[in-house]
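[1] give me the fold of what follows.
(2 chains)
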Amino acid sequence: MAVDPKDTQFINQLLNGDKNALYLLYDKYSSALYGVILRMCGDEGIAQDLLQESFIKIWQNIGSYNSQKGKFYTWAYRIAKNTTLNFLRKSSPLIQTDDLSVYENKNPEAEIKDYSDLNGILAELEPQHQTAINLVYFKGLTHQEAHKEMNVPLGSFKSYIRQGLLKLRERRSELLMIVLLINVCGHG
Amino acid sequence: MDKKQILEDGLLEQYLLGELPHDQEILIQKVLDQDDDLKNIFNDIEEEFERIAFENAINPPEKVKKALIRELESSKENIKIRNINVPQKRNTLYSGRLAVAASMAAIFALSSFWLYNRWQASEQNLNSLQEQTIALQERLMLLEQNIEVTTQRYMTINSRNVIPLLLKGNQTLPESRAVAYVNHETKSVLVNSQGLPPLEEDKTYQMWADVDGVMINMGLLPADSDLIPVKYIDKAESFNITIEPAGGNDHPTVENLISNVLL
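    Residues are numbered from 1 along each chain as shown, chains lettered A, B, ... in the order given. As a prediction, the model looks like this:
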């Protein structure tokens, strides 16, 4: 796992009780996590509370983070996602499923303001790939829940994810090549 | 579980997102530790995952960080998540309701305590009143009995058949006075001895009727009493009062005669 050396430094400081390290991690990751939380809950005020709660949990549970298992963002993402899912389960009595969350009853207010627009290369993907990644990365659904949401077989859904990620990497490589060519031409 | 299956089942993505059951998560972790190729694929997925997140990041308002700092700096323990957007409103509302509830509870407790004390006092007063009522009833019954006796005696001494006789003290005890009320119809005698001076404890007044020169005992006369019934003796010629040893005597002590009256 390629953990950012700065992250490693911040995490070590955090383990020693340095709150400033948490604020630096906040500066780096809060917007990425806020993007996920807000897309999941659809309410800015609630998302802000949940973001704050997520970072307090990061502060309280940093001892359980293992850099060998993954990057800091992945760990922090899981905390933010679970915090948000817990909130949604408590606040929405109609959510009832074996594994925690099914958005068959989305918050009406969440539908008034749409935070589901995706940016970056993800927005360039074909709709089925875009939707599949969106459901698991930004809506907090499991693969089991998401394939039902898309109304496609689980195997097809997994293929969408796999192909989508592959296309993202290919597209990034193309962009990288274009940037390099522009640079080369520029210098030439 | 081979590499192909792990990839086709999307287990790496699910591992990344924390969706896998604990045992399967441990299994994938073990495979990743042993298989560098699979580990590189996972790293790519994780890298892409983070890139997507940053490309779709939304900046939170500055107040979130301020609230986080305020929360962490203000309390070392028991950190609680405060609502960032309406903290004072909620807190004020909550505090207000809490204050109202606390005030009502205090008022209720005080009023309950006051009512309990009042109840206890009333209970005591009621008990006291009941005791007084019983005492008054007993006294009333006694008074009724007394008034009945007095009325009877009054009726007795006021009867036209009653003859009052004054027994005045002689030279032995000149200050003594007693009145005997004799009713020959009913054959009864009542004596008012209030005028007789008190005697020593071992002495008593005793009344006698003289019948043909024989002194017959009529009974004892406690000093300072009114209307004491004594025996009616037929054909008595006089009444006599002597001072005798306590408990009375069979025969009068003539030298202790203090009063007599002829009928």
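
[2] for the residue of chain B found nearest chain A, which residues are in contact?
    With Cβ to the nearest Cβ, the shortest gap between chain B and chain A falls at B:E55, namely 2.7 Å. The way it works is simple: take the backbone N, C-alpha and C, and place the C-beta from them, glycine included. Contacts here follow Cβ atoms under 8 Å, 6 or more residues apart in numbering or on different chains; on that basis B:E55 touches A:N119, A:G120, A:I121, A:L122.

[3] show me which pair in these is furthest apart.
    The most widely separated members of the contacts of B:E55, counting by Cβ to Cβ, are A:N119 and A:I121 (8.9 Å).

[4] which one of the contacts of B:E55 is nearest to chain B?
    A:G120 (2.7 Å).

[5] per-residue pLDDT, that closest one?
    A:G120 is assigned a pLDDT of 83 by the prediction.

[6] and it, how many neighbours?
    Look at A:G120: counted by other Cβ atoms under 10 Å in any protein chain shown, it has 17 neighbours.

[7] compare A:N119 and A:I121 (neighbour count), which wins?
    A:I121 (19 against 13).

[8] quick one: low-confidence parts of chain A?
    Applying pLDDT under 70 to the predicted model, the residue ranges of chain A that meet it are A:1-2, A:92-114, A:187-188.

[9] try it again at 90.
    Filtered on pLDDT under 90, chain A yields the residue ranges A:1-8, A:17, A:42, A:66-70, A:89-125, A:138-140, A:162, A:165-188.

[10] so what secondary structure elements neighbour the lengthiest helix in it?
    Secondary structure of chain A read by DSSP state H shows that its longest helix is helix A:154-187. With contacts defined as 3 or more Cβ pairs under 8 Å, 6 or more residues apart in numbering or on different chains; DSSP states H and E, helix A:154-187 has these neighbours: helix A:127-133, helix A:143-150, helix B:3-8, helix B:11-17, helix B:36-55.

[11] in the shortest one, which residues are buried?
    Neighbour-count burial for helix B:3-8, counted by 16 or more other Cβ atoms under 10 Å in any protein chain shown, picks out B:I6.

[12] same check, this time on stretch A:122-142
    When neighbours are counted by 16+ other Cβ under 10 Å, the buried residues of stretch A:122-142 are found to be A:122, A:125, A:128-142.

[13] for the stretch 151-263 of chain B, what spans make up the strands?
    Taking DSSP state E, counting those that start in this stretch as the criterion, the stretch 151-263 of chain B carries its strands at B:162-168, B:177-183, B:188-192, B:203-211, B:214-221, B:228-230, B:238-245, B:257-262.

[14] quick check, nearest of the contacts of B:E55 to B:K66?
    The shortest gap between B:K66 and any of the contacts of B:E55 belongs to A:N119, at 26.5 Å (Cβ to Cβ).

[15] so where do the helices sit in chain A?
    Counting by DSSP H, the segments of chain A that form helices are A:5-15, A:19-41, A:44-61, A:72-91, A:108-112, A:127-133, A:143-150, A:154-187.

[16] now tabulate these in TSV and tack on distance to B:Q130.
    What follows is these, written out as TSV (distance: least, Cβ to Cβ, whole Å):
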stretch	distance to B:Q130
helix A:5-15	78
helix A:19-41	71
helix A:44-61	67
helix A:72-91	61
helix A:108-112	70
helix A:127-133	88
helix A:143-150	78
helix A:154-187	86
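
[17] stretch B:185-200: end-to-end distance?
    From the first residue to the last, stretch B:185-200 extends over 37 Å; the measure is Cα to Cα, to the nearest Å.

[18] list the buried residues for that stretch?
    Buried positions in stretch B:185-200, judged by neighbour count with 16+ other Cβ under 10 Å: B:S188, B:V189, B:L190, B:V191, B:N192, B:S193, B:G195, B:L196.

[19] from B:N256, how far out is B:F239?
    15 Å (Cβ to Cβ, to the nearest Å).

[20] neighbour count for those two, which is higher?
    Residue environment comparison for B:F239 versus B:N256 gives the larger neighbour count to B:F239, 24 against 17, counting by other Cβ under 10 Å.

[21] gap between the more buried one and B:Q29?
    B:F239 is 133 Å from B:Q29, where distance means Cβ to Cβ.

[22] which strands or helices does whichever strand or helix holds B:T133 pack on?
    Element membership of B:T133, judged by DSSP states H and E, is helix B:87-158. Packed against helix B:87-158, as judged by 3+ Cβ pairs under 8 Å, 6+ apart, are the following elements: strand B:177-183, strand B:188-192.

[23] with mean pLDDT and distance to chain A added, can I get those in TSV?
    TSV is the format used below for the helices and strands packed on helix B:87-158 (pLDDT from 0 to 100; distance: least, Cβ to the nearest Cβ, whole Å):
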stretch	mean pLDDT	distance to chain A
strand B:177-183	92	103
strand B:188-192	91	100
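
[24] will you turn the ones you listed into TSV that also has distance to A:A32?
    Rendered in TSV, the data for the helices and strands packed on helix B:87-158 read as follows (distance: least, Cβ to Cβ, whole Å):
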stretch	distance to A:A32
strand B:177-183	126
strand B:188-192	121
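
[25] so which of these comes closest to A:T84?
    strand B:188-192 (110.3 Å).

[26] then that closest one to PDB, C-alphas only?
    Presented in PDB, the C-alpha positions along strand B:188-192 are these (Å, rounded to 0.1, in the frame of the first residue of the first chain):
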ATOM      1  CA  SER B 188     -84.400   8.900 103.200                       C
ATOM      2  CA  VAL B 189     -81.800  11.200 104.700                       C
ATOM      3  CA  LEU B 190     -79.300  13.300 102.900                       C
ATOM      4  CA  VAL B 191     -76.600  15.300 104.700                       C
ATOM      5  CA  ASN B 192     -74.600  18.300 103.500                       C
END
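
[27] how does chain A divide into domains?
    Chain A breaks down into these domains under automatic domain parsing: A:1-104, A:117-188.

[28] please name the nearest non-neighbouring residue to B:D224.
    In this structure, B:D224 finds its nearest non-sequential neighbour in B:Q194, 5.5 Å apart by Cβ to Cβ, 6 or more residues apart in numbering or on different chains.

[29] what does A:L135 give?
    In space, and not counting its chain neighbours, A:L135 is closest to A:A146: 4.0 Å by Cβ to Cβ, 6+ apart.

[30] and chain B, what are its domains?
    Listed domain ranges for chain B are B:3-55, B:83-158, B:162-262 (source: automatic domain parsing).

[31] worst mean pLDDT among these?
    Taking the mean pLDDT of each of these, the lowest value is held by domain B:83-158, a mean of 77.

[32] how far off centre is that one?
    Computed by Cα atoms, centre = their mean, to the nearest Å, the chain-centroid distance of domain B:83-158 equals 10 Å.

[33] next one: stretch A:16-35
    In terms of Cα atoms, centre = their mean, the centre of stretch A:16-35 is set 15 Å apart from its chain centre.
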